[in-house]
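In: Have a look at this fold, sequence not included:
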């Protein structure tokens, strides 16, 4: 197995131990998605199970989703403050806003997209009401 690519190796369902020069022994797992994409996961944990590695993959994906949502919906990266205190306040408030949105989505059993559409729909309805109340 000297200098071979992962896609050329026969990776078993239970994982295949491989020695990495300069690092030591690791276990490689192969996961195939429904669309045919193949992901390889490597761990140095002793005697890992496929279920353990899958749970880590799922947790990792949850973190990715959280970061995407807090950036796209809560404006965490749009801070224009100069002082470190103001930047920390901005980050705290953005994360707090994400938690509030997340709690609402869980309690109302709605998706992020339904939640965002509710905000847009209400803003449009309010604007139409103002236009109808004060026609030009």
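Out: Sure thing, it's come through. Everything quoted here is computed from the prediction, not taken from an experiment. Residues are numbered from 1 along each chain as shown.
In: For residue 13, give me its contacts.
Out: Contacts for residue 13 (CB atoms under 8 Å, 6 or more residues apart in numbering) come out as residue 50. Every residue, glycine included, has its C-beta placed from N, CA and C.
In: can I assume it sits in a strand?
Out: No: following the definition DSSP: H, G, I helix; E, B strand; the rest coil, residue 13 is coil and is not counted among the residues of a strand.
In: got the phi/psi numbers for it?
Out: Main-chain dihedrals, residue 13, degrees, to the nearest 10: phi -60, psi -40.
In: and the gap between it and residue 73?
Out: For residue 13, the distance to residue 73 under the criterion CB to CB, to the nearest Å works out to 38 Å.
In: Walking through the protein, point out its helices one by one.
Out: 50-72, 84-108, 112-133 (DSSP state H).
In: could you give the angle of the longest one to helix 50-72?
Out: In other words, helix 84-108. Using axes from the mean of the first three to the mean of the last three CA atoms, to 10 degrees, the interaxial angle of helix 84-108 with respect to helix 50-72 works out to 120 degrees.
In: any chance of the helices of the chain in CSV, with mean neighbour count too?
Out: Compiled in CSV, those are given as follows (neighbours: other CB atoms under 10 Å):
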stretch, mean neighbour count
helix 50-72, 12
helix 84-108, 13
helix 112-133, 11
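In: Could you export these as TSV, including distance to residue 41 and mean pLDDT?
Out: TSV is the format used below for these (distance: least, CB to CB, whole Å; pLDDT from 0 to 100):
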stretch	distance to residue 41	mean pLDDT
helix 50-72	5	93
helix 84-108	27	95
helix 112-133	27	93
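In: Of those helices, give the one that comes closest to residue 20.
Out: helix 50-72 (16.9 Å; CB to CB).
In: From the contact counts, what lies against the closest one?
Out: With contacts defined as 3 or more CB pairs under 8 Å, 6 or more residues apart in numbering; DSSP states H and E, the secondary structure elements packing on helix 50-72 are strand 24-32, strand 38-43, helix 84-108.
In: Understood, closing this out.
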